[in-house]
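Asker: Got a predicted model here, sequence first, then my questions.
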Amino acid sequence: MNDCLFCKIIKGEIPSKKLYEDDDIIAFYDIDPKAPVHFLVIPKKHIENIMEAGKEDERLLGVLLARAASLAQETGCEDRGGRFVINCKEDGAQSVNHLHVHVLGGRALGWPPG
Ligand code: AMP
């Protein structure tokens with residue numbers, strides 16, 4: 001998708017503070033962090049949101065979550081944990097329409113979300 005912000009980050013057309021990259025996914029720090037640790041893990045394939053992922057994307061979804069978890073361990077969340085968030089569409093407060101997992105940690109997070 002030419003006008004997708006995260007596709008532009010994947011292509012390097014918009015700079016990002018990259019944490020990880022492989023053939024399937026990239027991870028980079030959120031530009032407006034909500035916790036001391038806050039990064040995003042996204043598939044390179046443009047999928048609008050979690051509900052748009054198809055049967056053919058099931059392996060990719062597994063990779064996305066597994067890498068989110070291992071990167072959380074590598075960024076200081078291994079002892080106290082954190083939060084793994086996937087916002088979806090209007091009611092989920094999704095602002096970028098390219099599937100992404102937020103990983104937040106480094107402080108105690110409240111529940112339920114507002
Ligand atoms: P969401 O509201 O779940 O769609 O989350 C989108 C996230 O992308 C927000 O937390 C933004 O702060 C973040 N974001 C927007 N633009 C950039 C950017 N250029 N680099 C890194 N993160 C970004």
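Answerer: Alright, I've got the coordinates.
Asker: Quick check: residue 5 touching residue 95?
Answerer: No. Taking CB atoms under 8 Å as the definition, residue 5 is not a contact partner of residue 95, at 9.4 Å. The C-beta positions use only the backbone N, C-alpha and C, and glycine is treated the same way.
Asker: Comparing those two, which residue is more hemmed in?
Answerer: residue 5 (14 against 7; other CB atoms under 10 Å).
Asker: For that one, give me the pLDDT.
Answerer: With respect to pLDDT, residue 5 scores 98.
Asker: show me what contacts the residue nearest to it when sequence neighbours are not counted?
Answerer: Leaving aside its sequence neighbours, residue 5 sits nearest to residue 96 (CB to CB, 6 or more residues apart in numbering; 5.5 Å). Counting by CB atoms under 8 Å, 6 or more residues apart in numbering, residue 96 touches 4, 5, 6.
Asker: And the second one, how close does it get to residue 60?
Answerer: Distance of residue 5 to residue 60, computed by CB to CB, to the nearest Å: 20 Å.
Asker: where does this protein dip in pLDDT?
Answerer: 1 (pLDDT under 70).
Asker: what about the longest helix in it?
Answerer: Longest among the helix segments of the chain by residue count, using DSSP state H, is helix 58-72.
Asker: doesn't residue 40 fall inside a strand?
Answerer: Yes. Per DSSP: H, G, I helix; E, B strand; the rest coil, residue 40 lies within a strand segment.
Asker: didn't it look like it was pressed against residue 27?
Answerer: Yes. With contact defined as CB under 8 Å, residue 40 reaches residue 27; the gap is 6.6 Å.
Asker: related to what we said a few turns ago, chain center to the longest helix of the chain, what's the gap?
Answerer: 10 Å (CA atoms, centre = their mean, to the nearest Å).
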